[in-house]
Every structure is written in C-alpha cells, then in structure tokens.
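Colleague: Provided below for reference: sequence and predicted model.
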Amino acid sequence: MEAKNTFSILFYPKTSDSDKHGMSPLFLRITVDSKRVELSLKRKVRPKNWCPISNRVIGKGQNTDEINNHLDDLKVRIRRIQAEFVSQGQPYSAVTVKDKLLNKGSKIKTVLSIYDNHNNNMQSLLGVDYTYSTYRRHVRTRNHLERFIFQEYGGKDLFITNVNLKFVTGFEHYLKLSKAGSHNTIVKYVTNFKKIVRIALANNWMKTDPFYHWKARWLKTYREVLTDIELRLLIEKEFKLVRLERTRDVFVFCCFTGLSYIDAKNLGEENIHSIGHKKWIRILLTKTKVQSTIPLLPIVEQILNKYRASPNKQIGQRLLPVLSNQKMNQYLKEISEICHINKRMTFHLSRHTFATTVTLSNGVPIESVSKMLGHQSMRTTQIYAQVLDHKLSKDMELVAGRY
C-alpha cells in the first residue's frame, strides 16, 4: 500500500503584489502530494506585521483580530474537509479540497464512479444490446479494480487522471497474484478496464492514454469438442430423468445448429422459415447482432417437433425447454459421467462441436461455417480449423507409432 497523502496549509502575504501603501494581499496555499493550489483571501496585511512561523498577523487592533479569526476558521474548515475525504476513503487533491471549500463540485472523475455509471447503463440494456454474462464480466472487473485500488493506493477510489501505465501493469500484476483466472481471463479483465479508459478519454476526463504502451497478449488455447463417436453416444443414450433428457436434447440441438445459449433460449416460431422444400433457422444473434441462417438437419427438426407436441409446454414458452445456464452446465456434468465422456462438458462445447465435428470435418466450407456462427471475422472461425489441424496431427502420430 502506498503512503498516505501529504497535506499542508500555508497562509502568506504576496509581497510581489504590494500596493503603493505597502500592503500585500494575503493568500492561502493548499498542498497535497507536492501539488498545490493558491487562493486569494481578499485581505491585505503589512509584511512587517506578518509572522511566518505562526502564520498569523502580529500586533493589536480590530483588523488584526478579524484577519486572525478568519484564518483560524479557514484552517478548521479545511482540516474538516480533508478528514471527511480520509474517513470516507475517497481520493482527494489540492484542487478538490479547494473546490469543496468554495462549495464547487469537483470536475475530476474517479475510476469506480465511471465504471459504476457504465455498468448501470449496461444493466438497463440487458437483452437489448448486452447479454447478462457480458454485464457480469464487467461487474467482476469493477470489483477487482476496487480491491486493487484499496490495496495499492489505500482508498476506496482513485481519480481517473491518476491512471497511468504503472496503474495498468500494476492491475494486471495484482490479478495474476490474486489468481483471478487463467491468463486469457486476466487479459480480458484488463481490456474491460480499457473500455472505461476510452470513455474517459472521449469525454476529456483524462488527457493521455495509459494503454498506449500496453498490448494484450493472448495465449492460444485448444478448444475441446465432442468427437463423432461421443456425439452419437450422447444422442442414442436413454435417460430416466426428464431434466437430463431435456438438457441433452437442447445441447444436441445446438451441436447441429451452432446456436449459443442465449439464442437457443430465445428461439421462437418466428425464427423458423421455409425456403423451397427445406426449413431454416433465421435469427439475429444476440452477441454479434449478425443475421444467421442455418439449415435444419433432420435431427434438429425431430427435437423441435418433440417439444412442440410436449403436453408440458407452457403458454408463451419458446421452442426449447432451456433452463438457466448454471443448471444446464450442472446437468451436462452429470450427463458426461453417465455417458463416460471424459471431457469438461459445458453448454458452449456444443458450439465448438458444431464448428468442427459437424461442419468443417464433413467438408463444409469455412466461409459457410463462419456465416452460420455469425462471426464478424473469418479469423475467429479459423480457430476451429486449427483445432482440426491439431487433431489431424495427433491422429497421424498414432499412425506413425504403428509403423
């Protein structure tokens, strides 16, 4: 934790501005962490009557008492303002103390106040412009920042103008030491904060970009997928528990459509279209806002028809019985154990499986796969092609071992 703020108050006559009668204007100087502001007190004194040690006017007279009483009052008020900032754990500077003394609102924004405003706006647009998972990631980033600021700066918040490259690299280092997640998760937290800095720069709340010399370094990750054998095993397995059967059906549906959790949950009859003699899904993807068109394979139609005709279907319910993401992942873990699939099965694994096992492995062009997945860049889809290369390499190693 860094040292507490250094703080001082000084009254002094500005002799360089003395008038023709030898009277000098009295000034107040507030200094915080070697940065100072000055304020005219609208009073004048004779330099020979000023004691720099006691910071008071010496001598007798009504004018002397009035000035000294005013100085005492100012000193008490300033100390009270500083103590209020300290007790509340709020950052302060010479400027903010002066503004508070003059009853002016500080124009200097703080890191967490900007982030809170961003997250509140994001929360109000959930389901419109943002998904809940994206919102939660920003909430977690904001909370990590709060703990970092308290640990390194000893306060509950920090002026955005104090954010520099040292702050950015320090935050990244803090996340690694506190084991906030994998390497790529930590990089994501820092890039989330970068968005807040861009907001501050756009509003002229800060002048220089602390991220100018910082670059996100992502590690390449191997995206696990279900093999053709595992997928068939999952499809053919009979489950005694209805919750597991429904979870399996929704998961398999997404293995053959590539839909994300939120898009599968929101899927309705308005998204099913007939083009020629075939049926297609046409949906505006929630995350990327890209129109995706996906042909319905026979297994997908079977699952849709199964739940259309379900006697338990409630009025207004969407096409699939999608539970919460947490429940789905919990039940998928049970399913993987029952089916003896030795992989970490999460709902998002279905999207990876669609991209590799179902499409690319069967000769579907990468351009078509990219369009169905709703990727805005072919480079994103290329990751799945690298997965295939990785698998091909391992398969060939087995062949090499035999000969």
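Modeller: In hand now; what should we look at? Numbers count the residues shown, from 1 in each chain.

Colleague: list the contacts for residue 165?
Modeller: Under the criterion of CB atoms under 8 Å, 6 or more residues apart in numbering, the contact partners of residue 165 comprise 210, 211, 212, 213, 214. For every residue, glycine as well, the C-beta is placed using N, CA and C.

Colleague: now with 7 Å, please.
Modeller: Contacts for residue 165 (CB atoms under 7 Å, 6 or more residues apart in numbering) come out as 210, 213, 214.

Colleague: among those, which are located in strands?
Modeller: Among the contacts of residue 165, DSSP state E puts none in strands.

Colleague: domains of this structure?
Modeller: 7-101, 111-202, 228-402 (automatic domain parsing).

Colleague: follow-up on the earlier one: out of the contacts of residue 165, grab the one that's most surrounded.
Modeller: Counting neighbours by other CB atoms under 10 Å, residue 210 leads these with 21 neighbours.

Colleague: let's see the pLDDT reported for that one.
Modeller: Confidence at residue 210, expressed as pLDDT, is 96.

Colleague: give the contact list for the nearest residue to residue 111 once chain neighbours are set aside.
Modeller: Sequence neighbours aside, residue 158 is the residue nearest to residue 111 in space, at 5.1 Å (criterion: CB to CB, 6 or more residues apart in numbering). Residues near residue 158 by CB under 7 Å, 6+ apart: 91, 110, 111, 149.

Colleague: before we move on, what about residue 339?
Modeller: Here residue 339 is in contact with 233, 234, 237 (CB under 7 Å, 6+ apart).

Colleague: for the helix or strand containing the first one, C-alpha coordinates in CSV please.
Modeller: Using DSSP states H and E, residue 233 sits within helix 228-236. Output for helix 228-236, consisting of C-alpha atoms alone and laid out as CSV, is shown next (Å, rounded to 0.1, in the frame of the first residue of the first chain):
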residue,chain,number,x,y,z
ASP,A,228,-18.3,-38.1,-33.8
ILE,A,229,-18.4,-41.2,-31.6
GLU,A,230,-19.1,-39.2,-28.4
LEU,A,231,-21.8,-37.2,-30.2
ARG,A,232,-23.5,-40.4,-31.4
LEU,A,233,-23.2,-41.9,-27.9
LEU,A,234,-24.9,-38.8,-26.4
ILE,A,235,-27.7,-38.9,-29.0
GLU,A,236,-28.5,-42.6,-28.5
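
Colleague: which other residues reach stretch 204-212?
Modeller: 109, 160, 161, 163, 164, 165, 167, 168, 194, 197, 200, 201.

Colleague: quick one, phi/psi of the fourth one?
Modeller: Okay, so that is residue 163. Torsion angles at residue 163 (phi, psi; degrees, to the nearest 10) stand at phi -80, psi 120.

Colleague: and it, how many neighbours does it have?
Modeller: Residue 163: 21 neighbours (other CB under 10 Å).

Colleague: quick check on the residue nearest to residue 111: phi, psi?
Modeller: Per-residue torsions, residue 158: phi -150, psi 140 (degrees, to the nearest 10).

Colleague: now do it, the pLDDT please.
Modeller: Looking at residue 158, the pLDDT reads 88.

Colleague: what strand or helix carries the residue nearest to the spatial centre of the chain?
Modeller: Centroid-nearest residue in the chain, with CA atoms, centre = their mean: residue 138, separated by 2.7 Å. Assigned by DSSP H and E, residue 138 belongs to helix 132-153.

Colleague: avg pLDDT for the very next helix or strand once past that helix?
Modeller: Downstream of helix 132-153, the next assigned helix or strand under DSSP H and E is helix 165-177. The average of the pLDDT scores along helix 165-177 is 96.

Colleague: how about the CA coordinates for helix 165-177, as PDB?
Modeller: The C-alpha coordinates for helix 165-177 follow below in PDB (Å, rounded to 0.1, in the frame of the first residue of the first chain):
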ATOM      1  CA  LEU A 165       0.900   2.800 -17.400                       C
ATOM      2  CA  LYS A 166       2.100   1.900 -13.900                       C
ATOM      3  CA  PHE A 167      -1.500   1.600 -12.800                       C
ATOM      4  CA  VAL A 168      -2.400  -0.700 -15.800                       C
ATOM      5  CA  THR A 169       0.500  -3.000 -15.400                       C
ATOM      6  CA  GLY A 170       0.000  -3.000 -11.600                       C
ATOM      7  CA  PHE A 171      -3.600  -4.000 -12.000                       C
ATOM      8  CA  GLU A 172      -2.600  -6.900 -14.400                       C
ATOM      9  CA  HIS A 173       0.100  -8.000 -11.800                       C
ATOM     10  CA  TYR A 174      -2.400  -7.900  -9.000                       C
ATOM     11  CA  LEU A 175      -4.900 -10.100 -11.000                       C
ATOM     12  CA  LYS A 176      -2.100 -12.600 -11.500                       C
ATOM     13  CA  LEU A 177      -1.100 -12.700  -7.900                       C
END
